[in-house]
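K.L.:
Provided below for reference: sequence and predicted model.
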Amino acid sequence: MTSVRNDLFDYNGLKIYQYTDKFKFSLDSILLAEFVEIKQNMNTIVDFCTGNAPVPLILSTKTKAHLYGFEIQPIIYKLAKMSVLENRLEDQIHILNENMTDALEYLLPESVDAVTCNPPYFKKNDTSLLNEDQEKAIARHEITMSLEDIMISAKYILKNKAPLYLVHRCDRLEEILLCLEKYHFRVKKMQFIYAGFHKDAIMVLIKATKNGASGSLKVSPPIDVLAYKSYKGIFEKRNKE
């Protein structure tokens, strides 16, 4: 496997390491990081399924909070560590080669100000067509975790009323909403992402708060990613239109 150092788009000269023949980070992670609402009093943000750490790297340009990334795959974890060291962010970003289900081994209960997650999008069942490349299969299918694992792990480490941010496929939205409700998360904000408004939405961004009050869901205006040359600050740009 050959790793390459790439620019992390236009994020303050940040660099990111990727394998030329492996699953790379995508637009989903950029939009997820941009979707996070940063508060001045945030001390700890955790990213589940961090991959090669695009979300923590982008968030480091927006906050001084400590950022933790959980990545279960050793070779992808290695890339994340390389990226953090390359950008001299090792004092702020902490990458763990662990499953997010073990988050309580490293973080105190109810100590985290926000959790982000760009998870594998596809269920694993008897009819699943899994990629022969194990790393790609784990990145795309729920082999090492599930939607419920996300909710359970986030619930344990998040402070009361703190947010969980997700990016996912729209065809699993009903399941996601039911799972959030089961673990006492209230959806506060959703935003649908399109690659041309003449087509179906390609993904949905969700903000849900732990033990949040009901009755205040906001559905933000949709985003057509084809209309933007840069995704840095994309939601701020959209709100000014």
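P.N.:
All right, it came through fine.

K.L.:
what's the first helix or strand after the helix or strand of the chain with the lowest mean pLDDT?
P.N.:
Sorting the helices and strands of the chain by mean pLDDT, DSSP states H and E puts helix 134-140 at the bottom, at a mean of 50. The element immediately downstream of helix 134-140 (helix or strand, assigned by DSSP states H and E) is helix 147-157.

K.L.:
doesn't V204 lie inside a helix?
P.N.:
No. Per DSSP: H, G, I helix; E, B strand; the rest coil, V204 lies outside any helix segment and is strand.

K.L.:
which residues does it contact?
P.N.:
Listed by C-beta atoms under 8 Å, 6 or more residues apart in numbering, the contact partners of V204 are V167, H168, R169, C170, L173, M190, Q191, F192, I193. In this view, the C-beta of every residue, glycine as well, is placed from N, C-alpha and C.

K.L.:
and it, what are its bridge partners?
P.N.:
For V204, the beta-bridge partners are H168, F192 (DSSP bridges).

K.L.:
what pLDDT does it get?
P.N.:
pLDDT recorded at V204 is 97.

K.L.:
distance of it relative to M100?
P.N.:
20 Å (C-beta to C-beta, to the nearest Å).

K.L.:
which one of the contacts of V204 sits closest to I76?
P.N.:
Among those, V167 lies closest to I76 (C-beta to C-beta), at 17.8 Å.

K.L.:
what's the neighbour count on the closest one?
P.N.:
For V167, the count of nearby residues is 25 (other C-beta atoms under 10 Å).

K.L.:
likewise for S29?
P.N.:
Using other C-beta under 10 Å, the number of residues around S29 comes to 24.

K.L.:
nearest residue to it in space, please, no chain neighbours.
P.N.:
Closest residue to S29 apart from its sequence neighbours, by C-beta to C-beta, 6 or more residues apart in numbering: P54 at 4.2 Å.

K.L.:
this protein: strands as residue ranges?
P.N.:
Ranges of strands in the chain, per DSSP state E, are 3-7, 15-19, 44-48, 66-70, 93-96, 114-117, 163-168, 185-194, 203-210, 218-219, 223-224.

K.L.:
who are the packing partners of the third one?
P.N.:
On a contact count with 3 or more C-beta pairs under 8 Å, 6 or more residues apart in numbering; DSSP states H and E, strand 44-48 meets helix 54-59, strand 66-70, strand 114-117, helix 147-157.

K.L.:
longest helix in this structure, please.
P.N.:
Assignment by DSSP state H gives helix 74-86 as the longest helix of the chain.

K.L.:
name all residues that make contact with the residue nearest to L27 when sequence neighbours are not counted.
P.N.:
Once flanking residues are discounted, L27 sits nearest to V225: 6.5 Å by C-beta to C-beta, 6+ apart. The contact partners of V225, by C-beta under 8 Å, 6+ apart, come to L27, L31, I193, Y194, A195, I202, Y231.
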